[in-house]
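Colleague: pasted the sequence and its predicted model underneath.
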Amino acid sequence: MDVLDKYKKAWDNQPEDSQKVSKDDIYKMAHSRSSSIVKWIFIIGLLEFVIFQCSYFFYDTEKGYEMYKKMNLENFYIVTQIIGYAILLFFLLKFYKNYKSISTIDNTKNLMSKIIKTRKTVKHYVFFNLSYLFLVLTVVTVAMTNNEIEEIPEEKKIYIIIGLIVFGLILILLFWLFYQLLYGILLRKLNKNYKELAKLNELN
Amino acid sequence: MQESLKDKFLNDFEVNQNIAHKICRLYTSNKNDHNDLFQEITIQLWKNYPKFRGDAKFSTWMYRVALNTAISLYRKSTRTIKTHDISDVEFKIKSEDYDDTEEQQLKALYTAIRSLNDIDKALVFLYLENKNYKEISETLGISEVNARVKMNRAKDKLKKILNP
């Protein structure tokens, strides 16, 4: 006999919940603030876009441009700026599109995969930004060591470049750890459940 | 128009609220969390209600939204449930003649299902609510074959807990 058959009658006859909610309370609850994962992902995602953009405000653009000019890197500066904004726009649109596609009336697996996809868009943006920063820093340092500081002996230049690369890698590692922690806490349950469903489909 | 949509929603939800309560009982371990999850389910149902088309039953639609909320949107998990936690969940006996053994069975069943993972919980819950494998697989987004395989495994786990 099926293990659940024995309990089926008890399940079917279970009394209504003692915490029955009135229409008034349902109405109030329906209009209260959601604390769902999706809402948090949206807020944190937007914050990340904002924080990364704000970090550029600390940077004196005009002075920066002058410096690039001195190093004969004006074209590099203009191109990186244009690419930077184009890519920000691309990620923002993708993030919004993915967020909008999340629907609680979807099936469980699709819903989870869309939540994960939205989160990944922001993750990719941040990692893109870090690599971009890294690339710009490297180019500027190489240009600086070649043009500006001529008194530096050739063999020391290599140490500066290596130092910069190590600094960049440590920065990326720190961000990665922060990410693991932040989204690890937020999405631990969701990831576990998604793996459970994904594992099932691998059976076929 | 907005007014009638609201009234319709309140009527539909009030009548079917027990579905949400059962899900809350399975996915949370104390009264506070139960209320939290219940509120989130209410928010999600109301938010999506304009998309609900009358051609499906409200209850069918509600199973999906409520389970999705419990599995994917709600953050707290029941990983550390201990047997005694079940006493937090009130089963007030409504009718006088509600069978005592049935009450014990129900408590044992809830305790057993709560020890399963979130996906297995959903499977067993839908099965107990008389949903067929087609509906179960559509709700979870897996194939019918996988739903059956997974259900059999969940039943084996339950068997070990209920009849040690």
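Modeller: Everything's here; your move. Residues are numbered from 1 along each chain as shown, chains lettered A, B, ... in the order given.
Colleague: where in the chain is pLDDT low?
Modeller: I went with chain A, as the question did not name one. Along chain A, the model assigns pLDDT under 70 to residues A:1, A:55-61, A:147-152, A:201-204.
Colleague: please go with chain B instead
Modeller: Scanning chain B for pLDDT under 70 picks out B:1-3, B:77-99, B:164.
Colleague: tell me the contacts of residue A:80?
Modeller: Taking Cβ atoms under 8 Å, 6 or more residues apart in numbering or on different chains as the criterion, residue A:80 is in contact with A:132, A:136. Quick note: C-beta positions are derived from backbone N, CA and C, even for glycine.
Colleague: swap in residue A:144?
Modeller: residue A:71.
Colleague: now it: how far from residue A:72?
Modeller: From residue A:144 across to residue A:72, the span is 12 Å (Cβ to Cβ, to the nearest Å).
Colleague: ranges for the helices of chain A?
Modeller: Per DSSP state H, chain A carries helices over the ranges A:5-12, A:23-30, A:37-54, A:61-70, A:74-101, A:108-143, A:154-202.
Colleague: check contacts around the closest residue to chain A within chain B.
Modeller: Across chain B, the shortest distance to chain A (Cβ to the nearest Cβ) belongs to residue B:141, at 3.1 Å. Applying Cβ under 8 Å, 6+ apart to residue B:141 gives the contacts A:106-111, A:197.
Colleague: for the helices of chain A, give me CSV that also has distance to residue B:63.
Modeller: Formatted as CSV, the helices of chain A follow (distance: least, Cβ to Cβ, whole Å):
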stretch, distance to residue B:63
helix A:5-12, 15
helix A:23-30, 18
helix A:37-54, 20
helix A:61-70, 55
helix A:74-101, 22
helix A:108-143, 11
helix A:154-202, 17
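Colleague: please identify the most buried of those.
Modeller: helix A:108-143 (a mean of 18; mean count of other Cβ atoms under 10 Å in any protein chain shown).
Colleague: and it, what does it pack against?
Modeller: helix A:37-54, helix A:74-101, helix A:154-202, helix B:58-68, helix B:133-140 (3 or more Cβ pairs under 8 Å, 6 or more residues apart in numbering or on different chains; DSSP states H and E).
Colleague: circling back: joint contacts of residue A:144 and residue A:72?
Modeller: Between them, residue A:144 and residue A:72 share no contacting residue under Cβ under 8 Å, 6+ apart.
Colleague: what about the residue most central in space within chain B, which SS state?
Modeller: The centroid of chain B falls nearest to residue B:23 when counting by Cα atoms, centre = their mean (2.4 Å). Three-state assignment for residue B:23 (DSSP: H, G, I helix; E, B strand; the rest coil): helix.
Colleague: what sits against it?
Modeller: Applying Cβ under 8 Å, 6+ apart, the residues contacting residue B:23 are B:37, B:41, B:66-67, B:70, B:125.
Colleague: cool, residue B:122 as well?
Modeller: A:108, B:67, B:70-71, B:139-140.
Colleague: distance of the nearest residue to residue A:91 once chain neighbours are set aside relative to residue B:71?
Modeller: Excluding its sequence neighbours, the residue lying closest to residue A:91 (Cβ to Cβ, 6 or more residues apart in numbering or on different chains) is residue A:125, at 4.1 Å. Distance of residue A:125 to residue B:71, given as Cβ to Cβ: 27 Å.
Colleague: report the contact partners of the nearest residue to residue A:124 once chain neighbours are set aside.
Modeller: Nearest residue to residue A:124, sequence neighbours excluded (Cβ to Cβ, 6+ apart): residue A:91, at 7.1 Å. Taking Cβ under 8 Å, 6+ apart, we find residue A:91 in contact with A:49, A:121-122, A:124-125, A:128.
Colleague: ok, residue A:91 to chain B distance?
Modeller: Applying Cβ to the nearest Cβ, to the nearest Å, the value for residue A:91 to chain B is 24 Å.
Colleague: please apply the same query to residue A:22.
Modeller: Residue A:22 sits 8 Å away from chain B, going by Cβ to the nearest Cβ.
Colleague: can you tell me which of the contacts of residue B:122 is nearest residue A:86?
Modeller: residue A:108 (36.1 Å; Cβ to Cβ).
Colleague: isn't the closest one right up against residue B:139?
Modeller: Yes - in this structure residue A:108 lies within contact range of residue B:139 using Cβ atoms under 8 Å: 6.6 Å.
Colleague: hey, what's in contact with both of the two?
Modeller: The contact lists of residue A:108 and residue B:139 share B:67, B:122, where a contact means Cβ under 8 Å, 6+ apart.
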